[in-house]
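Participant: fold the following for me, if possible:
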Amino acid sequence: MKIRTLPIILIFLLTACGEPVARNTGAYLLLDTSGTYSQELDKAEHIINYTLTRLGPSDSFAVARIDTGSFSEKDIVAKVTFDDRPSTANRQKRRFSEQIAAFTRSVKSSPYTDITGGILQAIEYLNEKETGRKVIFIFSDMKEDLMEGYIRDIPLELDGFEVVALNVTKLRTDNVDPRQYLDRLEGWKTVVEASGGNWRVINDLDRLEKLLEPRAGTLTASENTEKPVPITMLHLT
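Facilitator: Next up is the predicted model:
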């Protein structure tokens, strides 16, 4: 009996000694700066500050603009991986908030909207961080408008990614024909899910707790030893 159980014990020990499963979160938020949508950036700033309060030690966060050609690190406005020390992490969060505030005050509207390029950059960034959870937020009306010559018919590798569209405002043409709005959302849903990702839409910005809903096997800020920074502390004067 003891001889038979020995291989089982060995297998258990070998499995237990394997690579630990990453339980941290990586979030990448894309900001649409095209046309009149750039006027919505005050709402985006509030979302970013809230997200900062929900992220904890070892989590990573980056914010990038969507413009004419978004597949570029140059479009990253701010990025950070939070320290394990609470005091250092809190300073990182304040600095991040300052960078976003400075950007929203000075940003210039973009004539084109390369959403796909922004998603590709987000995938690359989060894969490099090797976080256990990967979330791409897209703050946009989800209307892609590419400059002539830009090629974005590229497969998206979104297996294990969550893609969350935020504040998807309706265009004037959507008011005339609501099918355009519905088709736009359904089109992106199809692209994301066909690429292995999970798709969500959050338009009610009074329910921001849904941004990073707890997921099985993932630590949330409340489960970390560090307490999240109150949102009021991030609204700097």
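Participant: pass me the low-pLDDT residue ranges in the protein, would you?
Facilitator: Within the chain, the segments meeting pLDDT under 70 span 1-19, 215-237.
Participant: next, count neighbours for residue 153.
Facilitator: For residue 153, the neighbour count with other Cβ atoms under 10 Å is 5. Where you see a C-beta, it was placed from the backbone N, CA and C, and this is true even at glycine.
Participant: give me the three-state assignment for residue 80.
Facilitator: At residue 80 the chain is in strand, as set by DSSP: H, G, I helix; E, B strand; the rest coil.
Participant: what residues are up against it?
Facilitator: For residue 80, the contacting residues are 60, 61, 62, 92, 93, 95, 96, by Cβ atoms under 8 Å, 6 or more residues apart in numbering.
Participant: which among these count as buried?
Facilitator: Restricting these to buried positions leaves 60, 61, 62, 92, 93, 96, with burial counted as 16 or more other Cβ atoms under 10 Å.
Participant: against residue 197, how distant is residue 189?
Facilitator: Distance of residue 189 to residue 197, computed by Cβ to Cβ, to the nearest Å: 10 Å.
Participant: and if you look at residue 137?
Facilitator: If you go by Cβ to Cβ, the gap between residue 137 and residue 197 works out to 13 Å.
Participant: out of the two, which sits in the busier spot?
Facilitator: residue 137 (26 against 21).
Participant: now what about the helix or strand hosting the more buried one, what contacts it?
Facilitator: Using DSSP states H and E, residue 137 falls within strand 133-139. Applying Cβ under 8 Å, 6+ apart, the set of residues contacting strand 133-139 from outside is 23-32, 40, 43-44, 47, 51, 66, 115, 118-119, 122-123, 126-127, 160-167, 211-212, 215, 218.
Participant: list the contacts of the very next helix or strand once past that strand.
Facilitator: Heading C-terminal from strand 133-139, the first helix or strand you meet, by DSSP H and E, is strand 161-166. Applying Cβ under 8 Å, 6+ apart, the contact partners of strand 161-166 are 44, 47, 119, 123, 126, 133-140, 142, 185, 188, 192, 196-203, 205, 211.
Participant: mark which of the residues you listed are buried, thanks.
Facilitator: The buried subset of the contacts of strand 161-166 (16+ other Cβ under 10 Å) comprises 44, 47, 119, 123, 126, 133-140, 142, 188, 192, 197, 199-202, 211.
Participant: helix, strand or coil: sort out residue 57 for me.
Facilitator: Criterion first, three-state DSSP; result for residue 57: coil.
Participant: the residue lying closest to it once chain neighbours are set aside - how many residues pack around it?
Facilitator: Using Cβ to Cβ, 6 or more residues apart in numbering and skipping the chain neighbours, the partner closest in space to residue 57 is residue 84 (4.5 Å). Neighbour count for residue 84, taken as other Cβ under 10 Å: 12.
Participant: sec struct for residue 168, please.
Facilitator: Applying three-state DSSP: residue 168 is coil.
Participant: ranges for the helices of the protein?
Facilitator: Shown for the chain, the helices assigned by DSSP state H span residues 2-16, 41-54, 86-106, 115-129, 172-176, 178-194, 231-234.
Participant: what about those helices, which gets the closest to residue 79?
Facilitator: helix 115-129 (7.6 Å; Cβ to Cβ).
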